[in-house]
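K.L.:
Attaching a predicted model along with its sequence, questions to come.
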Amino acid sequence: MGEVLSQNEIDNLLAALSAGELDVDQMQGSSEKKVKNYDFSRPTKFSKEHLRTLEIIFEHYGRLISNNLSVYLRKNVQVTVASSETNTFSEFTNALSSPVILGIVNFTPLNGTIILDLATNLGYAMLDRVLGGSGLPLDKSREFSEIESTIIEKILIMFTQLLRDPWKNVIDISPLLSRLETNPQFAQVIAPNDMVAIVTLNMKIGEVEGFMNICLPFFTLEDIMDKLNTKYWFSTMQENHDENYESYIESLIRKVDIPIRAVLGKSIISVNDFMNLQVGDCIRLDSKVDDDMNVYVGNIRKFTALPGADKDSYAVRITSVIREEE
């Protein structure tokens, strides 16, 4: 709708025209609308708002991968969102080299699939670490053996299962790894000209750094595009957690596994005595038989206990709780 002028503004314009201060041709020229080029081969189906929401979702996903993969590989892992963009599916596949690590994931209950593209140097580093090495990639890429493919598939299954929680505020999904592909020619899951959103994660495993791309076709996300905005995402998150936020956090904490160790006693011996220990030798501890043992939760002393047995297993019976002020 055009701008509506007041009567005073109309009178001023007429007066300016009469006085020759305004040129009618100049006014008509300035009212021409600018034409914006539109590429019909690359329709705009993902807005900046959609991409921003996907970045928020995969920032959460990156934190989950970092925590779980660190435990799995017993090595420091850092994962951050590097970028997000839209492309045609053919542009995505043309940029892939061979061999590749592609996880084809069924995005149930949504129709269609997504693709997890893991850099090969990261794959080799993971394999080296799982098989007892220090986690270094190969100097030159090669095809993966059947055993290596099986190990990588297990890692991708873990990546797939971790998708559940980040998408929970948008839709409850049950993702399933359909197959692992190492040849990009067999990853044609949609038409070449279909639009996809690509979220790139920067992954660092020890000193090895590479990218993991998540290819999200518009066809797969079409039914939930109206939910892929930050306003809906944050409002859903607030509805889920505002009223029962404390109980929600508490329920998450209760699921965390923590190590507990009971220390029977301590002793100091020489290296020579240690090297000459034989079966049946006794080591004198600094505690007595009827003394309470210290029980540690992590590295914090939380309980005292007496040693005992429960059926065929060793056990301790808690005798006191050590409060924080103690």
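P.N.:
Received the coordinates, thanks. Residues are numbered from 1 along each chain as shown.
K.L.:
Alpha carbons only: can I get the strand or helix carrying residue 301 in CSV?
P.N.:
Per DSSP states H and E, residue 301 falls inside strand 300-310. Output in CSV follows, covering the C-alpha atoms of strand 300-310 (Å, rounded to 0.1, in the frame of the first residue of the first chain):
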residue,chain,number,x,y,z
ILE,A,300,35.4,-35.7,47.4
ARG,A,301,35.2,-37.5,50.7
LYS,A,302,31.5,-38.0,51.4
PHE,A,303,31.0,-41.0,53.7
THR,A,304,32.7,-43.2,56.3
ALA,A,305,32.0,-46.9,56.2
LEU,A,306,32.9,-50.4,57.6
PRO,A,307,34.1,-53.1,55.2
GLY,A,308,32.0,-56.3,54.8
ALA,A,309,30.4,-58.5,52.2
ASP,A,310,27.1,-58.9,50.4
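K.L.:
Domains of the protein: list them as residue ranges, please.
P.N.:
48-254, 260-321 (automatic domain parsing).
K.L.:
Show me the one of those domains that comes nearest residue 7.
P.N.:
domain 48-254 (40.4 Å; Cβ to Cβ). Where you see a C-beta, it was placed from the backbone N, CA and C, and this is true even at glycine.
K.L.:
Centre of the chain to the closest one, how far?
P.N.:
7 Å (Cα atoms, centre = their mean, to the nearest Å).
K.L.:
cool, stretch 10-22 as well?
P.N.:
63 Å.
K.L.:
Could you do stretch 46-64 as well?
P.N.:
10 Å.
K.L.:
Which parts of that stretch count as buried, going by neighbours?
P.N.:
Residues of stretch 46-64 classed as buried by neighbour count (16 or more other Cβ atoms under 10 Å): 46, 50-51, 53-58, 60-62, 64.
K.L.:
Ok, stretch 142-156 next?
P.N.:
Neighbour count says stretch 142-156 has 144, 148, 149, 151, 152, 155, 156 buried, by 16+ other Cβ under 10 Å.
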